[in-house]
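Peer 1: the amino acid sequence is not available; the structure is as follows:
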């Protein structure tokens, strides 16, 4: 096993780009563990050697600075190597979601126009079905394959490492969703660096830290919050090809992580496992986002692993990743908040006609800072809709109290019941407090008199029964009477989009079928 050093100087500042950090650690920490997957472990020297080879093979395939390199695969060593090789070349990496359907994938390829598409061998059938444009070279991601289409069988060509200014294009990150027109956020190297490094002073990540990637690497949680952050501090990245609870427990028992980041439901699955102590025994920082963490779960984490620091985070693709962090001391007292802006990020709440709103009032969350995307790739109309000078319109509704941001949901998710505006986030948070509820989602359905009614979808925890009367009593103590759902629907699972997020559009459509607006 490659040893881990006790500490090294953190990279909160001093590296112009992520490739610069990788180059420095290869020089000064060559033998320290950088990347692992199963039985394979790579030190920084070996990792850098593979990245240089992959860059030369990409160059041999015709990739030049500013060309797009599309990447389609699971969490593997080759994915990480190819991602870093693309950045090193000055190419623009396009991480693709492996759960996309053929039509969605083709749309993203048509928009990004990559020079090459590098895909996992078992996904090549999908690639062939998509039938990429003729100018796109399609190569297999894996090294250990006999297929002659492997990137690693391409001839090597000289791959000079360009000097990359912060404004150089690094990534096209597609936003989640299944709309007919894909939107790819163009991320610059400076934005990637500032977003990944924003965690460091809060989480105090250092070279001695190691993290297990539980989310897909093609999400910004994977390639920003974990991969890029670990490269910046000289830490270690352990890969789980796909998330399964038992596989995650085995990986954490083998290489204990000091830093984990995931949605709350993943942490709950780990907590409920009989070997949970092996998962959290060395973990000092757990960061969650995408949903609120129920109070009971926070209390249980604190009781069972008192040394664990729990951070809430908020961000979005158009801001590269994180914009806010809620420090552990506020985990309970400000549980509804996503925290304060990270260094460099600024916030404001804007009402109708662009009017700035005072603290406490609800409006659209606008963000500014060096992490903001440059634009939507080749989508000027969509860019004009969300960029206002230096500000990004997030589409999220929220309010600010003493610099703490409360996010109440997307503007499209507000339910109008007889003129009363209902924000779904507080209702869902109250439902999640119930021990019998594994997951909940709240949407509006047509109503013949009040315009909309409130409907709650609930996935029960295994072996638990959901008592509707008890749920109503619980909510009545916490919410305005008009916000208490009129109807409850029990479901085995909730619909997800290609990014694995809750598909509210599908849920609203199914709700409208169950509750048509003409009933009385």
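Peer 2: Cool, got the structure. In this text, all values refer to a predicted model and were calculated from it rather than measured experimentally. Numbering: from 1, shown residues only.

Peer 1: please make it C-alpha for all contacts and neighbour counts, starting now.
Peer 2: OK.

Peer 1: distance of the nearest residue to residue 169 once chain neighbours are set aside from residue 173?
Peer 2: Among residues not flanking residue 169 along the chain, residue 188 sits closest, at 4.4 Å (CA to CA, 6 or more residues apart in numbering). Separation of residue 188 from residue 173 (CA to CA, to the nearest Å): 11 Å.

Peer 1: so where do the helices sit in the stretch 401-520 of the chain?
Peer 2: 424-432, 468-476, 504-514 (DSSP state H, counting those that start in this stretch).

Peer 1: thought the residue nearest to residue 169 was touching residue 373?
Peer 2: Yes. At 7.1 Å, residue 188 and residue 373 qualify as touching, with contact defined as CA atoms under 8 Å.

Peer 1: please identify the most buried of the helices of the stretch 401-520 of the chain.
Peer 2: helix 424-432 (a mean of 22; mean count of other CA atoms under 10 Å).

Peer 1: which parts of the lowest-mean-pLDDT helix or strand in the chain are buried?
Peer 2: One helix or strand of the chain scores below all others by mean pLDDT, DSSP states H and E: strand 420-422, with a mean of 85. Buried residues in strand 420-422, counted by 16 or more other CA atoms under 10 Å: residue 422.

Peer 1: same deal with stretch 160-170?
Peer 2: By neighbour count on 16+ other CA under 10 Å, the buried set for stretch 160-170 is 161, 164, 166, 168, 169, 170.

Peer 1: and if you look at stretch 446-456?
Peer 2: 446, 447, 452, 453, 454, 455, 456.

Peer 1: show residues contacting that stretch.
Peer 2: 415-419, 440-445, 483-489, 511-512, 515-520 (CA atoms under 8 Å, 6 or more residues apart in numbering).

Peer 1: just the buried residues of these.
Peer 2: 415-417, 440-445, 483-485, 511-512, 515, 517.

Peer 1: and the furthest pair within these?
Peer 2: Spanning the widest gap among those are 440 and 517, at 22.7 Å by CA to CA.

Peer 1: what segments of the stretch 251-400 of the chain are strands?
Peer 2: Using DSSP state E, counting those that start in this stretch, the strands of the stretch 251-400 of the chain run over residues 259-262, 285-289, 309-315, 322-326, 337-341, 346-350, 363-368, 375-376, 387-388, 391-401.

Peer 1: so which of those is nearest residue 125?
Peer 2: Per CA to CA, nearest to residue 125 of these: strand 375-376, 29.2 Å.

Peer 1: let me see the mean pLDDT of that closest one.
Peer 2: Mean pLDDT, strand 375-376: 98.

Peer 1: and it, which strands flank it?
Peer 2: According to DSSP bridges, strand 375-376 forms sheet pairs with strand 184-188 (antiparallel).

Peer 1: what does the strand it pairs with rub up against?
Peer 2: Strand 184-188 is touched from outside by 112, 166-175, 317-318, 320, 372-377, with contacts defined as CA under 8 Å, 6+ apart.

Peer 1: hang on, the earlier thing: closest one to residue 62 among the strands of the stretch 251-400 of the chain?
Peer 2: Of all these, strand 375-376 comes closest under CA to CA, at 25.3 Å.

Peer 1: shaky segments in this protein?
Peer 2: Residue ranges of the chain with pLDDT under 70: 1-13, 176-180, 498-500, 518-520.

Peer 1: domain parsing for it?
Peer 2: Following automatic domain parsing, the chain resolves into domains at 18-200, 204-371+390-411, 414-514.

Peer 1: about what we covered before: export the helices of the stretch 401-520 of the chain to a markdown table and append columns for distance to residue 276.
Peer 2: Output for the helices of the stretch 401-520 of the chain, formatted as a markdown table (distance: least, CA to CA, whole Å):
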| stretch | distance to residue 276 |
| --- | --- |
| helix 424-432 | 21 |
| helix 468-476 | 29 |
| helix 504-514 | 32 |
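
Peer 1: right, so of the ones you listed, which gets closest to residue 397?
Peer 2: helix 424-432 (10.0 Å).

Peer 1: what's the closest one packed up against?
Peer 2: On a contact count with 3 or more CA pairs under 8 Å, 6 or more residues apart in numbering; DSSP states H and E, helix 424-432 meets strand 404-410, strand 437-447, helix 468-476.

Peer 1: show me what contacts the residue nearest the centre of the chain?
Peer 2: Per CA atoms, centre = their mean, the C-alpha nearest to the average position across the chain is that of residue 221, at 3.5 Å. Residues near residue 221 by CA under 8 Å, 6+ apart: 215, 261, 321.

Peer 1: who are the packing partners of the least confident helix or strand of the chain?
Peer 2: Against strand 420-422 (3+ CA pairs under 8 Å, 6+ apart) you get strand 415-417.

Peer 1: residue 36 contacts residue 46, doesn't it?
Peer 2: No. With contacts counted by CA under 8 Å, residue 36 stays clear of residue 46, the gap being 11.4 Å.

Peer 1: these two - which one has more neighbours?
Peer 2: Each of residue 36 and residue 46 has its neighbours counted (other CA atoms under 10 Å); residue 36 has more, 21 against 18.

Peer 1: ok, the more buried one - contacts?
Peer 2: Residue 36 makes contacts with 42, 77, 236, 237, 238, 239, as judged by CA under 8 Å, 6+ apart.

Peer 1: can we see that at 10 Å?
Peer 2: Residues in contact with residue 36, defined by CA atoms under 10 Å, 6 or more residues apart in numbering, are 2, 42-43, 47, 76-77, 212, 236-240, 255.

Peer 1: redo these as a markdown table? Include distance to residue 150, secondary structure and neighbour count.
Peer 2: Formatted as a markdown table, those follow (distance: CA to CA, whole Å; DSSP: H, G, I helix; E, B strand; the rest coil; neighbours: other CA atoms under 10 Å):
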| residue | distance to residue 150 | secondary structure | neighbour count |
| --- | --- | --- | --- |
| 2 | 28 | coil | 13 |
| 42 | 21 | strand | 22 |
| 43 | 24 | strand | 23 |
| 47 | 19 | helix | 24 |
| 76 | 15 | coil | 21 |
| 77 | 15 | helix | 25 |
| 212 | 27 | strand | 25 |
| 236 | 27 | strand | 29 |
| 237 | 24 | strand | 27 |
| 238 | 24 | strand | 28 |
| 239 | 21 | strand | 26 |
| 240 | 22 | coil | 23 |
| 255 | 30 | coil | 18 |
